[in-house]
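Asker: prediction below, plus the sequence it came from.
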Amino acid sequence: MAAASVVALASLATPALASSDRAAPSNTSQAKSAGLTQTQALVLQRKVDSYLERTARGHQTGPNTIAFPGGQITVAVPGERYARDLRTTHAPLEAMNCNYGNFCATVDGDSTQRDYYYCGTYGVGYSGSGAWINNQTQSRRVRMNLTNGRTYTTPNAFYQDPTANWTPVYQLTTCIPGS
């Protein structure tokens, strides 16, 4: 696999600058416009900062969103079960949302969602149970490389696992042709 095709993500990342250095002042005001209190907006920004510190080449794009090469992290609003982009969705969601063409993942206890838009290989450092949705195009699959040397390949899109175990997964590759 060519080095250029490997994209590092999330917890296998280089440190980023703190929010005071990176976050635009409008992020807090956008969060408040979406109905969050000042306290909620500040707690949310601290969570965003925490993800920025662990996201290689990530940058904040909204009050609770971080773009990284190949995708986006949407940080869950404090107290909400599912992540939503505060710039476009102004009410809590009833279920995990994964746009067509994406592979999406969450880790329980966090609700923050990672959306992978582009074909590529991504390092992951999740731990614990969570969920994933394979909503890629044209019956694509995702290959997950496990710490025991084995691999797991998802069924063709559309498919989801609401009780995934992320602990043994260290890398995933999107856009595997369907069978």
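Answerer: That came through fine. Predicted model only: the values in this text are computed from it and were never measured. Numbers count the residues shown, from 1 in each chain.

Asker: counting residues, which helix of this structure comes out longest?
Answerer: helix 38-53 (DSSP state H).

Asker: flag the shaky bits of this protein, pLDDT-wise.
Answerer: 1-25, 29, 33-34, 108-109 (pLDDT under 70).

Asker: need the helices for it, in chain order.
Answerer: According to DSSP H, the helices that the chain contains are 19-22, 26-33, 38-53.

Asker: format those helices as TSV; extra columns: distance to Thr173.
Answerer: Heads up, the C-betas are built off the backbone N, CA and C, glycines and all. Listed next are these as TSV, based on distance: least, CB to CB, whole Å:
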stretch	distance to Thr173
helix 19-22	30
helix 26-33	32
helix 38-53	22
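
Asker: what's near enough to touch the residue of the chain most remote from its centre?
Answerer: No residue in the chain sits farther from the centre than Ser179, which is 26.3 Å out by CA atoms, centre = their mean. With contacts defined as CB atoms under 8 Å, 6 or more residues apart in numbering, Ser179 is in contact with 141, 156.

Asker: and the gap between it and Asn156?
Answerer: Separation of Ser179 from Asn156 (CB to CB, to the nearest Å): 7 Å.

Asker: same deal with His90?
Answerer: Applying CB to CB to His90 and Asn156 gives a distance of 34 Å.

Asker: which of those two has more neighbours?
Answerer: Per other CB atoms under 10 Å, whichever of His90 and Asn156 has more neighbours is Asn156, with 16 against 11.

Asker: now the more buried one: how far from Thr137?
Answerer: From Asn156 to Thr137 the distance is 11 Å (CB to CB).

Asker: next one: Ala41
Answerer: 36 Å.

Asker: quick one, which of the two is more surrounded?
Answerer: Ala41 (22 against 10).

Asker: wait, the more buried one touches Gly35, no?
Answerer: No - taking contacts as CB atoms under 8 Å, Ala41 lies outside contact range of Gly35: 10.0 Å.

Asker: residue closest to the middle of this structure?
Answerer: Arg114 (1.2 Å).

Asker: not counting sequence-adjacent ones, nearest residue to that residue?
Answerer: Nearest residue to Arg114, sequence neighbours excluded (CB to CB, 6 or more residues apart in numbering): Ala105, at 4.9 Å.

Asker: and Cys175, by the same measure?
Answerer: Cys119 (3.4 Å).

Asker: what's the burial count for that neighbour?
Answerer: So Cys119, with other CB under 10 Å, has 14 neighbours.

Asker: doesn't Ile176 make contact with it?
Answerer: No - contact criterion CB under 8 Å: Cys119 and Ile176 do not qualify, at 9.0 Å.
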